[in-house]
Structure formats: C-alpha cells, structure tokens
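Asks: how does the following fold in three dimensions:
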Amino acid sequence: MSDEDKKTPFVLALLTLAFLGLAAAFTWGRSSAPVAPPIPAPPVPKPTTVRISAGQLMKSGGDTSGLACYTCHDQANPPEVKYDAEHRVILPKEHSDLIASMKNCDTCHLTKPVKLEYAGDGSVIIPKAHEDWLIVSHGRNDRNVNCYNCHNPQQLDQLVTRDGTKLRLDQATLLCASCHGTTYRDWQAGVHGRTNGFWDRKLGGITRQECTSCHDPHHPTFPQLIPLPGPHRLHREAAAETTNPP
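Replies: Residues are numbered from 1 along each chain as shown. Here you go, the predicted model:
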C-alpha cells in the first residue's frame with residue numbers, strides 16, 4: 001500500500017469529524033437563538049359596504065327619522081342653498097348627525113368600537129380625520145354641487161332627475177343612472193360595484209349593492225385609506241399601530 005493510500009482514510013476521517021462538528025454547531029446555534037413570537041394575523045375587513053344607503057336603512061327597519069325632512073323644515077319654504085367663497089355648498093351643522101349615521105364605522109375600525117362625541121348643542125362632532133364628510137364635491141370640477149340637481153325643492157324627501165322624473169330615496173340608483181348610464185350598465189352586468197350571492201344561480205340568488213351603499217352621493221370619490229401591512233414579521237409593529245392607534 002502506498003503512502004497516498006494510507007493517508008486517504010485519515011483525511012476522510014478528519015473531514016467527517018469536521019462536518020460533524022459544523023453540524024453540531026449549527027444545530028446548537030439554531031436551538032439557542034431566540035425564537036420570534038408568532039406573527040399576529042392582520043384583521044380581516046368586514047364584508048360590509050362603507051355606507052348605509054337610505055334604501056338599506058328602510059329595508060332593515062332601522063331608524064329613518066333622520067330622513068324625515070319636514071320634521072324640521074317647512075314644506076312651504078324650501079331651504080336656501082348656501083355657498084362659501086369657493087362655491088362649495090355649506091352643509092347645515094345639524095345635518096352632520098345624518099351624515100355620520102349613514103357610515104359603517106366598523107368596516108374600517110375593526111378592533112375598537114367607535115364612540116361618537118357630541119358638542120354642547122347636541123350636534124355630533126365629526127372627527128378631524130373625517131372632515132371630508134362635510135364637503136360636497138360631485139362632478140368634474142365640482143360642477144354638480146347644487147342640492148336641487150338631485151333633491152326636489154318642493155318635496156325634500158324625494159329625488160328628481162334632470163328630466164323631471166320623481167324618485168323615492170330608496171331609488172337613488174336610478175337617479176345615478178340618469179347621468180351615469182355607462183357605469184349603470186356595467187353595474188347591471190356585474191362589472192361595476194359589488195355583488196353578493198352565488199355564481200351558481202342553482203344555489204341561490206344575487207344581490208347587487210346600490211350605488212350609495214359604497215359612494216357618498218354628496219362626495220362620490222373614495223377617500224384614501226391606509227392599507228393594512230403585509231403578513232411579515234418586520235411589519236408587526238406597523239400592524240399594531242394601525243389596528244390599535246394610541
């Protein structure tokens with residue numbers, strides 16, 4: 001046997017011991033390393049629309065007293081629409097309660113119940129983050145900001161189209177269709193908006209949410225929302241701040 005043949009088993013033994021040592025060190029290092037806590041699952045948004053339309057409120061048997069315009073207004077004297085210096089409609093302060101009541105707060109506020117605060121005169125205080133609720137901005141360049149373009153001045157709890165067709169409050173989708181025909185046809189086909197129910201009609205029917213169940217008719221553009229963080233351990237602190245603000 002040559003010297004080279006004699007050295008081969010020795011070299012293999014050394015390599016085996018070296019690899020066993022590395023494996024042991026690696027295993028020990030993993031077992032002694034701190035284990036990251038489990039990543040909390042991000043809250044799942046509730047499958048509800050962002051608004052409660054007048055139609056939904058009526059069908060649910062909810063409190064519709066805020067829709068009874070003539071509890072406060074005199075039918076013989078239609079209220080005057082007032083504008084600010086930038087020609088934006090000035091919403092009456094007493095309407096802030098109605099605006100807040102038509103919102104589904106828990107669609108976005110998932111962990112803590114929302115508690116409304118009221119001013120000394122009894123009117124609801126709109127949170128600063130939601131001041132855009134009080135802005136009327138409908139139409140390109142805000143050209144459709146006259147209340148009586150949609151509301152009948154002689155019958156405030158009634159809607160009216162440009163051609164004079166009278167509609168109930170729970171027929172708001174037909175009012176939207178009178179101007180947004182293309183979008184309405186997409187809505188009918190299920191391309192636009194939200195449809196609940198079954199793809200397979202044998203299992204059940206479908207329900208298409210109304211336009212005003214998602215869009216605020218006075219400010220239809222969706223506000224920007226803070227997206228939830230992705231399911232990654234590095235985002236754990238961000239997730240906690242988002243779902244549990246101070």
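
Asks: now stretch 162-180: mean pLDDT?
Replies: Averaged across stretch 162-180, the pLDDT comes to 95.

Asks: phi first, then psi, for residue 152.
Replies: phi -80, psi 110 (degrees, to the nearest 10).

Asks: I'd guessed it sits against residue 164; true?
Replies: No. If you go by CB atoms under 8 Å, residue 152 and residue 164 don't touch, sitting 9.5 Å apart. Every C-beta, even on glycine, is put in place using the N, C-alpha and C of the backbone.

Asks: so for those two, which residue has more residues nearby?
Replies: residue 152 (15 against 7; other CB atoms under 10 Å).

Asks: specify the beta-bridge partners of that one.
Replies: residue 155 (DSSP bridges).

Asks: tell me the contacts of the residue nearest in space to the middle of the chain?
Replies: Residue closest to the average C-alpha location in the chain (CA atoms, centre = their mean): residue 50, at 4.9 Å. By CB atoms under 8 Å, 6 or more residues apart in numbering, the contact set of residue 50 is 103-104, 107-108, 213-214.

Asks: what's the neighbour count on the closest residue to residue 142 other than its chain neighbours?
Replies: Closest residue to residue 142 apart from its sequence neighbours, by CB to CB, 6 or more residues apart in numbering: residue 88 at 7.1 Å. Residue 88 has 15 neighbours, counted by other CB under 10 Å.

Asks: now residue 88: how far from residue 136?
Replies: 6 Å (CB to CB, to the nearest Å).

Asks: with residue 108 instead?
Replies: Between residue 108 and residue 136 the distance is 22 Å, computed by CB to CB.

Asks: residue 156 now?
Replies: Residue 156 is 16 Å from residue 136, by CB to CB.

Asks: equivalent analysis for residue 189, please.
Replies: Distance from residue 189 to residue 136, by CB to CB: 30 Å.

Asks: okay, these two: which has more neighbours?
Replies: Per other CB under 10 Å, whichever of residue 189 and residue 136 has more neighbours is residue 136, with 19 against 9.
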